[in-house]
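Q: Dropping the sequence and predicted coords here.
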Amino acid sequence: MKTTDFLRLISLSAIWGASFLFMRMIVPVLGIFPSSFLRVLFASLGLLLILLVMSCPLHFKGKLRALLLLGVVSSGIPVLMYNFAAQVLPAGYSAIFNATTPLMGIVIGALFFSEQLTVSKAAGVLFGLAGVAVLTRTGPVAMTAQVLLGAAACLIATSCYGLAGFLTKRWISDQGGLDSKLVAFGSQLGATLLLLPPFVLSVSTQPPPSWGGSQVWLAMACLGLICTALAYIMYFRLIADIGPVKSSTVTFLIPPFGVLWGALFLGEEITSAHLAGGVLIACALWLVVRPHKGKQ
């Protein structure tokens, strides 16, 4: 891997790790539905602006419907779930749960897409489950029904991410492919359309007590434009340059950044549970993405 590729990988990890910090700043003020809708709206507008500036034709080659549906799975539902979790879980917790995405992809691939489940991958799933168990049972957050629901919301989100990879391959890549910027824009547009009705219903029946100040809206702009729009472009570019397997190692680095930003800017506690759970999930990810020599 080139030095420039490694630096981009680190940068992407820091950006995505910061998204959990921004969610913790925004959701308690605006609520779940406004926060979710505004994030994907900002991302859609940012991606549209990028496409226009780069003079990319908005030609979806008959795949717009598939992209809209893909956006429901890849962005709409996960954004909603992570915003729910942001009400009850520290940012570092959500960041570490996010690292279970490849594990969910393995399980979904084996169950529904005829993907081979090797011994190494199966061991990775077990390590990942152990890491999640450590986090939810021994962390600084008191074990309550709400905390368990927050953990479940994170796992629903990562399941959606795992499923989205296979749907992208089946609906887009295997059907002739499409410019990655158009894939990102179409999927965010689908997420925006999904979250528009609950957003309207939410603000009309129970609007936020406050729409926040400049700090909240600066965090929202960073979350939508940088952590979503720009981050997706960087990620798709990394996939093109170094391949999907090496690009997936970004998930190793997101949890440390998520924990670090939460500790620095929100005063969240770093405990042995963070370290133990993070190490177990890191081991799980290594078992999943490491190169295999022959059958495992």
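A: Looks like it arrived, so ask away.
Q: residues near Ala14, how many?
A: Neighbours of Ala14 under the rule other C-beta atoms under 10 Å: 16. Just so you know, the C-beta spots here come from the backbone N, C-alpha and C atoms, and that holds for glycine as well.
Q: er, Lys63 actually
A: Counted with other C-beta under 10 Å, Lys63 comes out at 19.
Q: Quick one: residues contacting it.
A: Contact partners of Lys63, counting by C-beta atoms under 8 Å, 6 or more residues apart in numbering, are 171-172, 175, 178, 186.
Q: Got a PyMOL select line for the buried ones in the residues you listed?
A: The following PyMOL line selects those of the contacts of Lys63 that are buried, judged by 16 or more other C-beta atoms under 10 Å:
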select buried, resi 171+172+178+186
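Q: Mind checking which of the contacts of Lys63 are in helices?
A: Counting by DSSP state H, the part of these found in helices is 171, 186.
Q: Return the closest of the contacts of Lys63 with respect to Gln146.
A: Closest approach to Gln146 among the contacts of Lys63 (C-beta to C-beta): Gly186, at 34.7 Å.
Q: Isn't the closest one up against Leu64?
A: Yes. Taking contact to mean C-beta atoms under 8 Å, the distance of 6.0 Å between Gly186 and Leu64 places them in contact.
Q: Tell me how far Leu148 lies from Gly62.
A: 43 Å (C-beta to C-beta, to the nearest Å).
Q: Repeat that for Ala85.
A: 36 Å.
Q: what about those two, which has more around it?
A: Each of Ala85 and Gly62 has its neighbours counted (other C-beta under 10 Å); Ala85 has more, 31 against 10.
Q: Might you report the residue contacts of Thr158?
A: For Thr158, the contacting residues are 78, 97-98, 100-101, 103-104, by C-beta under 8 Å, 6+ apart.
Q: Show me which pair in these is furthest apart.
A: Comparing every pair within those by C-beta to C-beta identifies Pro78 and Leu103 as the most remote, at 15.3 Å.
Q: Show me which of the two is the more surrounded one.
A: Per other C-beta under 10 Å, whichever of Pro78 and Leu103 has more neighbours is Leu103, with 28 against 24.
Q: In contact with the spatially most central residue of the chain, which residues?
A: Centroid-nearest residue in the chain: Asn98, 6.4 Å away (criterion: C-alpha atoms, centre = their mean). By C-beta under 8 Å, 6+ apart, Asn98 lies in contact with 16, 20, 82, 154, 157-158, 251, 254-255, 258.
Q: In a markdown table, list those residues along with secondary structure and pLDDT.
A: Shown next, in a markdown table, are the contacts of Asn98 (DSSP: H, G, I helix; E, B strand; the rest coil; pLDDT from 0 to 100):
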| residue | secondary structure | pLDDT |
| --- | --- | --- |
| Trp16 | helix | 89 |
| Phe20 | helix | 88 |
| Tyr82 | helix | 95 |
| Cys154 | helix | 93 |
| Ala157 | helix | 94 |
| Thr158 | helix | 89 |
| Thr251 | helix | 69 |
| Ile254 | helix | 80 |
| Pro255 | helix | 77 |
| Gly258 | helix | 80 |
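Q: Narrow the residues you listed to those that are buried.
A: Using 16+ other C-beta under 10 Å, the buried ones in these are 16, 20, 82, 154, 157-158, 251, 254-255, 258.
Q: between these, which is nearest Thr118?
A: Among these, Thr251 lies closest to Thr118 (C-beta to C-beta), at 18.8 Å.
Q: can you tell me which two in the contacts of Lys63 are farthest apart?
A: Of all the pairs that the contacts of Lys63 form, the one spanning the most space (C-beta to C-beta) is Gln175 and Gly186, at 13.4 Å.
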